[in-house]
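Participant: Could you work out the structure for the sequence below:
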Amino acid sequence: MTISAKRATQISLGAALLLLAIVVYNLTQPAMTACGGLDPAYQPIIAFELARSVPDLHTIFGDAPGACREAITARFAFINTADNYLFIPLYGIFLFFFFLGVGGRDRNLARISAVIVLAACLADYVENSCLFGIADNPDVHSSSLSLLPWATGVKWMGLAIAGAIGGYILSREGGWRWLIAALCFAGLAIVTLATIDPHAYGRYASNGITVSWVIFLIADAVFVFRRSTVR
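Facilitator: I've put the predicted structure just below:
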């Protein structure tokens, strides 16, 4: 059974709108406060994902058990559970069907990107498993902490690479669309820097991914609207 480009784009747009609703909901929630010396401008959940050592963890959880650590651990558990059951499936559907929808523009690149998206989703599940294990005892360098950089690297870089390829596919119509590719490749550069040096650039990692996702959402909406008005 094959799916049409129109149907794939509609599915992608639906998932993207649900993701947007989750983002809006998250913006209404109280900001998470770290228990250690984490820079206030650095989101604790991103810092947690990009932690590489026990000192990194102590900037988030503090260096001793206490009420603050219990509260932030519970908040992380909620976020990661929601991530497993809502966010990962939704962004996976959004991106996978986006690439199915643009397959007619470059079938090979679209297929490669769809596979990369699936790999990134699987890595995200591994990442969350590591985060649950680390949160149980952030005072030791566990096997979960050793595995975490590999899982986050595959996830973040996979999503960024897929974003850059998607931007390139969209830009092939020519004209001003070269700007789409430029923005998506800039997002890849940001994520690459964040992966290489989380302490300096980690706080910008999610911004690098957001660039391509916003572009893809807009592209989905344009494609669906354009096709729905064609007679």
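
Participant: And the helices in the chain?
Facilitator: 5-27, 44-49, 54-61, 67-82, 88-101, 107-136, 143-171, 178-196, 198-201, 205-229 (DSSP state H).

Participant: Report all helices and strands that the shortest one contacts.
Facilitator: For helix 198-201, the contact count by 3 or more C-beta pairs under 8 Å, 6 or more residues apart in numbering; DSSP states H and E identifies helix 178-196 as packing neighbours. The way it works is simple: take the backbone N, C-alpha and C, and place the C-beta from them, glycine included.

Participant: Give me the helices and strands touching the helix it packs on, please.
Facilitator: Where contact means 3+ C-beta pairs under 8 Å, 6+ apart, helix 178-196 is packed against helix 143-171, helix 198-201, helix 205-229.

Participant: Reformat those helices as CSV; add distance to residue 29.
Facilitator: Below are the helices and strands packed on helix 178-196 laid out as CSV (distance: least, C-beta to C-beta, whole Å):
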stretch, distance to residue 29
helix 143-171, 23
helix 198-201, 24
helix 205-229, 16
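
Participant: so which of these is the most packed in?
Facilitator: helix 143-171 (a mean of 21; mean count of other C-beta atoms under 10 Å).

Participant: quick check: angle from that one to helix 88-101?
Facilitator: Computed with axes from the mean of the first three to the mean of the last three C-alpha atoms, to 10 degrees, the direction of helix 143-171 lies at 30 degrees from that of helix 88-101.

Participant: any idea of the mean pLDDT for stretch 174-184?
Facilitator: Across stretch 174-184, the average pLDDT comes to 89.

Participant: Tell me the buried residues in that stretch?
Facilitator: 180-181, 183-184 (16 or more other C-beta atoms under 10 Å).

Participant: which other residues reach that stretch?
Facilitator: 163-164, 166-168, 170-171, 211-212, 215 (C-beta atoms under 8 Å, 6 or more residues apart in numbering).

Participant: Make TSV from these and add pLDDT and distance to residue 27 to it.
Facilitator: Output for these, formatted as TSV (pLDDT from 0 to 100; distance: C-beta to C-beta, whole Å):
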residue	pLDDT	distance to residue 27
163	98	22
164	97	27
166	97	25
167	96	25
168	96	31
170	95	27
171	94	30
211	96	18
212	97	20
215	97	20
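
Participant: how about those residues in a markdown table, adding distance to residue 112?
Facilitator: Formatted as a markdown table, these follow (distance: C-beta to C-beta, whole Å):
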| residue | distance to residue 112 |
| --- | --- |
| 163 | 13 |
| 164 | 12 |
| 166 | 11 |
| 167 | 14 |
| 168 | 11 |
| 170 | 15 |
| 171 | 17 |
| 211 | 20 |
| 212 | 15 |
| 215 | 19 |
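
Participant: still on that earlier bit, which one of the helices and strands packed on helix 178-196 has the lowest average pLDDT?
Facilitator: For those, mean pLDDT drops lowest on helix 205-229, to a mean of 90.
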